[in-house]
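[1] Everything below, folded, please.
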Amino acid sequence: MIVRSHLPWPLRWVIYAVALGFSAAIALWAFEFGKDIAGLDRSSREEVMRLRAELDGLKEESERAQAIANTADSLLKAEKVAQERLAAQLKQAEAENLALKADLGFFERLLPVAGGAAAGGALTVRGFHVEPATASQLRFQLLVMQNGRPSAPFEGRYELTMNGELEGQPWSASLPGGTKPLQVKQYARVEGRIDHPEGAVVKTVQVRVLNGSGAVMATQMAKL
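    Next comes the predicted model:
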């Protein structure tokens, strides 16, 4: 015969409840103890705050760096534009300098030459220079000036006549195409080339300046 002791149901429930509560208390203590050991409860919030502060600092540094980069880019663009403007001005100054040198050489070559005859003293061929360019071409430079203070520009034409020999015979020829228009305010500078037969020996070239009615105003002769 087996003797079993039976506890009342209410007492059994009380014992079960105490056991479950004790187990829950042990589990909660273990969890809190684990958090305390890991330092999660104390340092996690401080770590998050520190990381947020570092992130904010990095954002500020990035914004400052971007602002500096934008300023530097603007300065570089402005400097590039300034350099291009200076280069254009320098190129223009060089072109003007070359033109001035060309004018100076032109006047240095022609001004020492005595002036040609002038009708009425109103116009003068101040300089006339001719030189060979190729076997069938001459290069000429002409400087015509108005004397005194002209009241109006001179409107006329000029013609060139070559004289020499061709195949052992006397030869002469005028500027191909006939006379050329000429306008003189204070002075007029004319440069050009004259074609002639390849076998021709040009000895002299004469220039004549004509007014609107065809009257000769000034002449000059250049020898080769």
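[2] Mind listing the residues bridging to residue 194?
    On the basis of DSSP bridges, residue 194 is bridged to residue 138.
[3] Correction: the previous question concerned residue 144.
    Beta bridges link residue 144 to residue 125, residue 188, judged by DSSP bridges.
[4] thought it was touching residue 209?
    Yes. In this structure residue 144 lies within contact range of residue 209 using C-beta atoms under 8 Å: 6.0 Å. (Glycine included, C-beta is placed from N, CA and C.)
[5] Next, show the common contact partners of these two.
    123, 125, 158, 182, 218 (C-beta atoms under 8 Å, 6 or more residues apart in numbering).
[6] Looking at the residues you listed, which is nearest residue 192?
    Checking those against residue 192 by C-beta to C-beta gives residue 158 as the nearest, at 10.3 Å.
[7] distance of the closest one from residue 168?
    Separation of residue 158 from residue 168 (C-beta to C-beta, to the nearest Å): 31 Å.
[8] Averaged pLDDT, the helix or strand hosting residue 51. What do you get?
    Element membership of residue 51 [criterion: DSSP states H and E] is helix 40-110. Average pLDDT, helix 40-110: 76.
[9] now do stretch 161-171
    Computed over stretch 161-171, the average pLDDT equals 92.
[10] quick one: buried residues of that stretch?
    For stretch 161-171, the neighbour count (16 or more other C-beta atoms under 10 Å) marks 162, 164, 166, 171 as buried.
[11] Can you pick out the most distant pair from those?
    162 and 166 (10.1 Å).
[12] Adjacent strands (with direction) for the helix or strand harbouring residue 220?
    Residue 220 is located in strand 216-223, with elements delineated by DSSP H and E. Counting by DSSP bridges, the strands paired with strand 216-223 are strand 117-118 (antiparallel), strand 201-210 (antiparallel).
[13] ok, back up a step: can you go through the shared contacts of residue 144 and residue 209 and name the buried ones?
    Using 16+ other C-beta under 10 Å, the buried ones in the shared contacts of residue 144 and residue 209 are 123, 125, 158, 182, 218.
[14] Before I go, just wanted to say thanks for your time.
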